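heads up, no residue letters with this:
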């Protein structure tokens, strides 16, 4: 994957004067005091512990870019529950010169609602319904990627691995890489050590203070997965106490 091409979203700026004094956004360590953030690669991963602000920032980027808060393409306009933060109103995006040809915002937690609306939107003339509800959760996630990921697009993905097996995560990694080679840009929130292993991707950590670059081997996703695989029995005994492993001879 090329390290540099014309990015559709070059970066962002936050005007904290537009955020209320008592807003919880001001208490998120990774975001508190952030004024600007610049993206440097076609694929950027947001990593960090639950509640560290990753999805909050991604959602604000998506809404500021014109996506529906619950997900879908820019053509999706519906709301089942208004849960997005006010950060989008304080956020200004620095956009690239060229207009992207397509885009998609995926939120794992609201994908069911998007799949339902997709059925409704595709009933019109020329519609081609994907029938996501007739597929398994994982199959529908992958079908969404394969039908919507295109060259010269913008794709914002919040935990896309949530429904995918390790093998399907490799398939998703391949799909992302192929589009990124053709002028597409991805910003992805993930805990997947498989996706994070993508060559040339920028990894931004939301742990331990302000957002900062992080090496793949330094992510918790990599370190904890490696530790568990290499020391499974020791870790489980520390967590669970003595037990009999049926795999033991």
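That came through, no problem. Being a predicted model, the structure only gives us computed values, none of them experimental.

all the helices of the chain, residue numbers only.
54-65, 87-90, 111-121, 137-148, 166-180, 193-196, 220-230, 232-240 (DSSP state H).

and the angle for the last one with helix 220-230?
Taking axes from the mean of the first three to the mean of the last three CA atoms, to 10 degrees, one finds that helix 232-240 is oriented at 110 degrees with respect to helix 220-230.

so which bits of helix 232-240 are buried?
With burial defined by 16 or more other CB atoms under 10 Å, not one residue of helix 232-240 is counted as buried. Every C-beta, even on glycine, is put in place using the N, C-alpha and C of the backbone.

rewinding a little: want to try a markdown table for the helices of the chain, with distance to residue 212 as columns?
A markdown table is the format used below for the helices of the chain (distance: least, CB to CB, whole Å):
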| stretch | distance to residue 212 |
| --- | --- |
| helix 54-65 | 13 |
| helix 87-90 | 19 |
| helix 111-121 | 30 |
| helix 137-148 | 29 |
| helix 166-180 | 22 |
| helix 193-196 | 15 |
| helix 220-230 | 14 |
| helix 232-240 | 28 |
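
ok, which of the ones you listed comes nearest residue 7?
Closest of those to residue 7 is helix 166-180, at 10.6 Å (criterion: CB to CB).

how is the protein divided into domains?
Following automatic domain parsing, one gets these domains for the chain: 9-218, 219-249.

which of these comes out lowest on mean pLDDT?
Lowest mean pLDDT of those: domain 9-218, a mean of 85.

first-to-last residue distance for it?
26 Å (CA to CA, to the nearest Å).

stretch 199-219 too?
Start-to-end, stretch 199-219 (CA to CA) is 15 Å.

who's in contact with that stretch?
Stretch 199-219 is touched from outside by 1-3, 29-34, 37, 39-49, 52-54, 57, 193, 196-197, 220, 222-223, with contacts defined as CB atoms under 8 Å, 6 or more residues apart in numbering.

thinking again about what came up before, out of the helices of the chain, deepest packed?
Comparing those by mean neighbour count (mean count of other CB atoms under 10 Å), helix 54-65 ranks first with a mean of 23.

how far off centre is it?
10 Å (CA atoms, centre = their mean, to the nearest Å).

which residues touch it?
9, 12, 25, 28, 30-31, 46-48, 69, 84-85, 87-88, 91-93, 103, 105, 107, 154, 156, 158-159, 187, 189, 206, 211.

now residue 198: phi and psi?
Here the main-chain torsion angles of residue 198 (degrees, to the nearest 10) amount to phi -60, psi 130.

dump the residue contacts of it.
1, 43, 45, 173, 176-177.

before we move on, back to that, out of the helices of the chain, flag the one nearest residue 73.
helix 137-148 (7.2 Å).

for that closest one, name the packing helices and strands.
Under the contact criterion of 3 or more CB pairs under 8 Å, 6 or more residues apart in numbering; DSSP states H and E, helix 137-148 touches strand 102-107, helix 111-121, helix 166-180.

tell me the angle it makes with helix 166-180.
Going by the same axes, to 10 degrees, helix 137-148 makes 10 degrees with helix 166-180.

off-centre distance for helix 137-148?
Distance of helix 137-148 from its chain centroid, counting by CA atoms, centre = their mean, is 15 Å.

related to what we said a few turns ago, show the buried residues in the contacts of stretch 199-219.
1, 30-31, 34, 37, 39, 41-48, 52-54, 57, 193, 196-197, 222.

can you flag which of those belong to strands?
37, 43-47 (DSSP state E).
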